[in-house]
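Enquirer: quick one: sequence plus predicted model below, questions after.
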Amino acid sequence: MSEINLSDFIAEAEELLDRLNHGLLDLDRSIKSDSRQDPSVVNDIFRAAHSLKGICGMFGFGEVGEIAHKLEDILDRLRLGKLKLTAYGLDVLFAVTEELRKIISRKAGGEPISPEEIKELKNKLSQMEKAKEEDTGIGLLKQSGISGEILAVLTEYEEHRLVENLKEGMGIYQISADFSLADFDRGLPELQDRLKDVGELITTSASAEPGKENSMTFYLLVGSAQSQEDIEAQLEGHLVTVNLIKPGKQAKAGKSAPAKSKTKTRDPEKAEPSAGDAEGEAEAQGQEETATVRSLSRTVRVDIGRLDELMNIVGELVLSKNVITQLIEKLRNQLGFTELAIDLYKVNRNLERKLQELQQGVLEVRMVPIGQIYDKLRRNVRKLARETGKEVEFIAEGGETELDKLIIEDLADPLMHIIRNSIDHGIEPKKERKKLGKSEQGQILLRAFQRGNHVVIEISDDGAGLDLMRIRKKAAEMGLISPEAEVKQEDLIQILFTPGFSTAEKVSEISGRGVGLDVVKNNIAALSGAIDIESTPGQGAKVIITLPITLAIIQALIVEAGTETFAIPLNAVSSGLSIKPQDIKTIEGREVIEQRERTLPLLRLERFFRLNSKSKTGEEELYVVTVGIAERRLGIVVDRLLGRQDIVIKSVGKVLTGLKGVAGATELGDQRTILVLDVLGLIEEAAASIGSRRMGAGAVNVS
């Protein structure tokens with residue numbers, strides 16, 4: 001199999017498995033709430049399994065195809081009512097879907113799949129067949145009084161759906177509609193969509209009897225809890241007749257009458273169209289026939305690696321544009337405002353605008369909704385809740401919020417780790433929640449929304465909240481704080497991010513293995529993001545993650561400190577101001593200034609990196625760049641502000657890896673390479689030095 005074919009298969013298989021998983025989650029919600037299962041959901045996952053079987057055969061994944069074929073058989077029996085879907089059966093379907101995903105991943109990587117694995121999955125699916133549906137509904141159909149003519153045209157699946165509607169006490173309606181031969185292919189689908197809002201569309205069939213000239217009659221069978229009058233009112237605008245053929249529990253019989261039409265539909269009984277009309281209609285039909293050979297989809301699947309290459313090229317163009325800008329500036333300084341210098345300036349400005357459009361276009365292609373990972377999180381919440389014996393409702397909001405594709409890929413694991421902690425440590429067991437007057441079912445709420453140039457993700461639960469006394473005790477045992485020291489709540493929370501820190505008394509399958517929030521924090525920091533925790537004892541905890549929308553080309557503020565030049569990502573900069581040295585005050589050994597009635601801690605970049613300083617008189621102005629992520633703020637003291645510039649962040653390599661306060665490097669227009677500051681790292685370094693003084697002499701750095 002070629003590499004292109006393999007990547008196509010993996011992408012297609014992943015989409016189909018996501019459809020399966022999404023449908024199973026919908027079925028899980030209907031089982032938990034004891035509500036009516038949407039037959040279209042079962043149909044959709046059946047089609048997904050059928051398509052998966054097809055592409056497995058096409059691409060030579062025979063072992064996976066065998067499982068998909070067995071899965072298709074099971075889902076077919078479910079949708080026909082020959083099997084009853086139980087909580088156990090749903091567990092099996094979830095497990096098999098997840099195993100299929102793993103097997104496809106391994107198979108694509110060249111790993112062999114043992115026959116025992118395939119056999120085990122088949123056996124799991126076979127266990128579902130024990131939960132048979134005893135009542136087939138044949139007797140119910142005979143007693144319904146529905147004519148044999150209608151029953152004779154039903155497929156096995158449609159007959160099953162009719163039985164289900166009868167069991168649920170729905171009224172059964174037959175809708176007859178006439179369409180002209182010229183426009184039935186548009187009018188019929190429109191009517192079918194409208195009927196889906198009325199109830200369940202069971203079947204559609206064309207009349208076997210000859211209709212009016214140039215027209216065709218269709219009969220549509222619908223199950224609905226609405227009355228005939230209500231249905232006729234909702235179908236106003238369609239030339240239809242509504243007949244009640246089997247009253248339901250809630251439906252009321254009404255006089256059958258055609259609904260008044262308000263649409264401009266050709267009347268089948270009208271005279272033949274004129275020659276001009278016929279010519280126009282023929283031309284329109286010809287255009288439609290031509291259009292049908294085009295693909296229905298307007299999307300193209302592109303490997304993210306190709307987008308990375310494209311973004312790298314755009315980045316190199318940005319650097320070249322910066323060099324051109326510098327050269328034009330030098331030329332203008334030498335020649336003044338000559339015609340040549342002005343023309344070059346205009347051309348460069350046009351190049352800059354077009355490059356910004358190209359850059360924005362590539363960024364938009366990379367942006368995807370965060371809701372893509374919601375189903376994966378739901379599936380894991382369901383699994384973890386069952387393992388812990390707790391009832392947990394997972395609510396996810398803001399799925400349309402967009403982030404860079406690569407950020408979302410790296411975000412799934414940290415989010416799952418946080419949710420795992422909420423289920424294991426936060427949400428109490430059912431009996432304990434009942435004693436506390438809480439609902440037995442715990443709740444985890446995930447919200448995503450955009451705030452300026454960042455995306456904020458909040459994960460909150462209604463559990464016990466953080467046990468600060470327990471955290472303090474454990475921190476003292478580990479020597480992180482002095483037992484006698486007065487420690488603020490925010491400092492105790494920061495201790496949770498210390499490598500190896502855990503309050504778990506014993507190791508479980510869920511958590512407590514000493515690989516905790518420090519890993520989450522490092523993963524978020526690698527995405528140039530920040531993580532904070534808020535907690536209210538007895539009411540729950542909230543984890544707040546703040547991330548940049550993209551990590552590609554960004555704007556930066558270029559500053560000078562000592563003899564060096566640095567870039568500060570502009571999305572973290574809130575303001576800049578000039579101050580006199582005497583404006584700086586010292587509180588608890590820390591330099592601060594007053595800014596908008598708030599105390600802003602300062603960090604002198606020159607001292608932080610131990611740079612060679614330029615000779616100063618002591619009265620020269622300093623510049624403070626106020627930076628912040630989420631609610632954390634810091635004033636970075638520099639010597640000069642050199643302006644804004646588009647930059648492309650590059651890795652600093654192994655030599656500078658781990659250097660605090662450095663996110664990477666970039667190249668300026670004059671071809672100098674400078675360091676890009678890690679704003680979050682600087683904020684945490686500044687906070688750590690304050691926190692260590694608060695916690696006592698025995699404290700260690702917790703960042």
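Expert: Cool, the structure landed.
Enquirer: Val543: which element?
Expert: Using DSSP states H and E, Val543 sits in strand 540-548.
Enquirer: typo on my end, it should be Val652
Expert: Using DSSP H and E, Val652 maps to neither a helix nor a strand.
Enquirer: OK, contacts around it?
Expert: Going by C-beta atoms under 8 Å, 6 or more residues apart in numbering, Val652 touches Leu659, Val662, Gly664, Ala665, Leu675. For every residue, glycine as well, the C-beta is placed using N, CA and C.
Enquirer: still on that earlier bit, by contact count, what packs against whichever helix or strand comes after the strand holding Val543?
Expert: Using DSSP H and E, the next helix or strand after strand 540-548 towards the C-terminus is strand 554-561. Counting contacts by 3 or more C-beta pairs under 8 Å, 6 or more residues apart in numbering; DSSP states H and E, strand 554-561 is packed against strand 564-569, helix 605-608, strand 622-629, strand 632-638, strand 640-647.
Enquirer: flag every buried residue along the fourth one.
Expert: Neighbour-count burial for strand 632-638, with 16 or more other C-beta atoms under 10 Å as criterion, is recorded at Arg632, Arg633, Leu634, Gly635, Ile636, Val637, Val638.
Enquirer: quick one: it to chain centroid distance?
Expert: 33 Å (C-alpha atoms, centre = their mean, to the nearest Å).
Enquirer: now that strand: average pLDDT?
Expert: In this model, strand 632-638 carries a mean pLDDT of 89.
Enquirer: distance of Leu445 from His425?
Expert: 17 Å (C-beta to C-beta, to the nearest Å).
Enquirer: which one of the two has more residues nearby?
Expert: His425 (20 against 16; other C-beta atoms under 10 Å).
Enquirer: helix/strand/coil for the more buried one?
Expert: Following DSSP: H, G, I helix; E, B strand; the rest coil, His425 is assigned to helix.
Enquirer: retrieve the pLDDT associated with it.
Expert: 85.
Enquirer: same thing with the one 10 residues further on?
Expert: On the pLDDT scale, Lys435 is placed at 90.
Enquirer: again with Ser261
Expert: The model reports Ser261 with a pLDDT of 38.
Enquirer: so which residues of the stretch 1-150 of the chain form helices?
Expert: If you assign secondary structure with DSSP state H, counting those that start in this stretch, the helices in the stretch 1-150 of the chain sit at 3-32, 39-59, 62-79, 87-108, 115-128, 138-144, 148-152.
Enquirer: quick check: which of those helices is nearest to Thr626?
Expert: Thr626 lies closest to helix 3-32 among the helices of the stretch 1-150 of the chain, at 42.8 Å (C-beta to C-beta).
Enquirer: list the buried residues of that closest one.
Expert: Taking 16+ other C-beta under 10 Å as the criterion, helix 3-32 shows 8-9, 12-13, 16-28 as buried.
Enquirer: how about residues contacting the strand or helix carrying Phe449?
Expert: If you go by DSSP H and E, Phe449 is part of strand 441-451. Outside of strand 441-451, the residues within contact range by C-beta under 8 Å, 6+ apart are 370, 374, 377, 381, 390-399, 401, 415, 419, 422-423, 426-428, 433, 455-463, 546, 549.
Enquirer: what is the neighbour count of Gly305?
Expert: If we define neighbours as other C-beta under 10 Å, then Gly305 has 9 of them.
Enquirer: measure it to Ala412 for me?
Expert: 19 Å.
Enquirer: try Lys196
Expert: 34 Å.
Enquirer: what is the end-to-end distance of stretch 536-545?
Expert: For stretch 536-545, the separation between the terminal residues is 18 Å (C-alpha to C-alpha, to the nearest Å).
Enquirer: how far does it sit from the chain's center?
Expert: Stretch 536-545 sits 22 Å away from the centroid of its parent chain (C-alpha atoms, centre = their mean).
Enquirer: what are the boundaries of the strands in the stretch 301-450 of the chain?
Expert: Here the stretch 301-450 of the chain has its strands, by DSSP state E, counting those that start in this stretch, at 367-369, 391-397, 402-404, 441-451.
Enquirer: and among those, the most buried is which?
Expert: Neighbour counts (mean count of other C-beta atoms under 10 Å) averaged over each of those peak at strand 402-404, with a mean of 22.
Enquirer: which helix or strand in the chain has the lowest average pLDDT?
Expert: helix 275-291 (a mean of 44; mean pLDDT, DSSP states H and E).
Enquirer: gap between the strand holding Phe449 and the chain center?
Expert: 12 Å.
Enquirer: the inter-axis angle of the next helix or strand after that strand versus strand 391-397?
Expert: Heading C-terminal from strand 441-451, the first helix or strand you meet, by DSSP H and E, is strand 454-461. Here the directions of strand 454-461 and strand 391-397 differ by 160 degrees (axes from the mean of the first three to the mean of the last three C-alpha atoms, to 10 degrees).
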